[in-house]
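1. Pasting the sequence and the predicted coordinates here, then a few questions.
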Amino acid sequence: MVGTGTAATLAGWYVISLRPSGTHAPLRRAAATRGARLLPLSTLRLRPLPAGVALAAALACRQVVFTSPAAVRFARSLLPLQVRPGQQWFAVGGGTAAALRRAGIAEVRIPDDRADSEGLLALPELAAPAAVGLVTAPGGRGLIGETLARRGGEIHRAEVYRRETVRPRADRLEALATLPAHSALLVSSGEAFAALWEALSTAGRHLLAGRPAIASSPRLAAMLAEAGFTAIVPAPGPSPRQLLGALEDAVAAGRFAIPVR
């Protein structure tokens with residue numbers, strides 16, 4: 001079950017967003033509908049790459065895979081997105097699929113039960129790939145390309161943007177240290193979490209690891225456990241609805257006490 005967000009189910013809570021700079025708004029709105037407040041704590045920013053030639057080759061493949069909403073956004077800024085006869089288009093999760101549909105791609109295949117690389121690779125259509133266009137960022141979703149290549153696919157990789165690590169703002173780190181106990185870290189990127197962890201002092205790490213953390217995949221949950229987090233809540237994917245819904249469900253189940261208001 002995933003929380004619906006139709007009432008102030010998270011009133012009194014803070015959620016900590018590690019989204020890249022300038023991309024917190026959807027999560028902020030979703031938190032507000034549930035009565036929660038958001039602390040934006042960006043450790044990454046996104047920059048476009050001049051990938052026009054590589055993107056044209058990727059978009060001509062029989063199977064086209066997009067790994068994130070950002071990949072869709074930056075690809076659209078370079079070339080129109082249009083389905084060709086006989087093509088299949090894929091997205092790692094619902095947010096990426098929604099971005100593709102807004103771009104005019106009506107039929108997008110996504111994993112049924114998990115929004116990550118492993119879920120995508122479990123789709124039967126990708127069991128024996130042919131030519132695959134992979135629209136992504138450097139270092140992003142490496143498992144997809146490697147696995148599809150091992151299965152015999154000819155991979156045409158188009159890196160349309162890159163992620164740059166940025167040190168979190170000092171005032172945001174100060175706010176993080178003073179958040180109330182009813183605050184939860186939302187983790188949908190291992191790279192973003194690693195950059196935050198690197199920026200924290202030993203005391204800061206200890207304080208944060210004592211808070212609930214919502215992980216959008218089993219891989220991220222394992223990363224958090226290794227870092228010392230104990231109150232880890234799995235979410236079915238990285239979208240605001242999925243992350244906040246997982247926290248809602250945990251609160252409703254009595255896993256965390258309701259904050260005094």
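-> Perfect, I can see it now. Numbering: from 1, shown residues only.
2. show me where pLDDT drops low in the stretch 1-150 of the chain?
-> Applying pLDDT under 70 to the stretch 1-150 of the chain flags the ranges 1-6, 140-141.
3. Identify all contacting residues around stretch 106-120.
-> By C-beta atoms under 8 Å, 6 or more residues apart in numbering, the surrounding residues in contact with stretch 106-120 are 65, 83, 88-97, 100-101, 122-123, 125-126, 141, 143-144, 147, 216-219, 236-239, 242. Every residue, glycine included, has its C-beta placed from N, CA and C.
4. from those residues, which would you call buried?
-> Among those, those classed as buried by 16 or more other C-beta atoms under 10 Å are 65, 83, 88-97, 100, 126, 141, 144, 147, 216-217, 236-239, 242.
5. Sort out for me which of the residues you listed are in strands.
-> Among the buried ones among the contacts of stretch 106-120, the residues falling in strands (DSSP state E) are Val65, Gln88, Trp89, Phe90, Ala91.
6. Pipe those residues into TSV and attach distance to Gly204 per row.
-> Rendered in TSV, the data for those read as follows (distance: C-beta to C-beta, whole Å):
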residue	distance to Gly204
Val65	37
Gln88	45
Trp89	42
Phe90	39
Ala91	35
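7. And these, which is closest to Trp13?
-> Trp13 lies nearest to Ala91 out of these, by C-beta to C-beta, at 29.6 Å.
8. so what pLDDT did the nearest residue to Leu200 once chain neighbours are set aside get?
-> In space, and not counting its chain neighbours, Leu200 is closest to Leu208: 6.7 Å by C-beta to C-beta, 6 or more residues apart in numbering. If you check Leu208, the pLDDT there is 96.
9. quick one: Leu208 is in a helix?
-> Yes: counting by DSSP: H, G, I helix; E, B strand; the rest coil, one finds Leu208 located in a helix.
10. related to what we said a few turns ago, can you tell me which of the ones in strands among the buried ones among the contacts of stretch 106-120 is nearest Thr23?
-> Among these, and counting by C-beta to C-beta, the member closest to Thr23 is Ala91, at 17.3 Å.
11. Report the separation between the closest one and Gly153.
-> Counting by C-beta to C-beta, to the nearest Å, the gap from Ala91 to Gly153 is 17 Å.
12. and if you look at Ala70?
-> Going from Ala70 to Gly153 by C-beta to C-beta gives 23 Å.
13. all strands of the stretch 101-250 of the chain, in order?
-> Taking DSSP state E, counting those that start in this stretch to define them, one finds strands in the stretch 101-250 of the chain at 131-136, 154-159, 161-165, 183-187, 213-215, 232-234.
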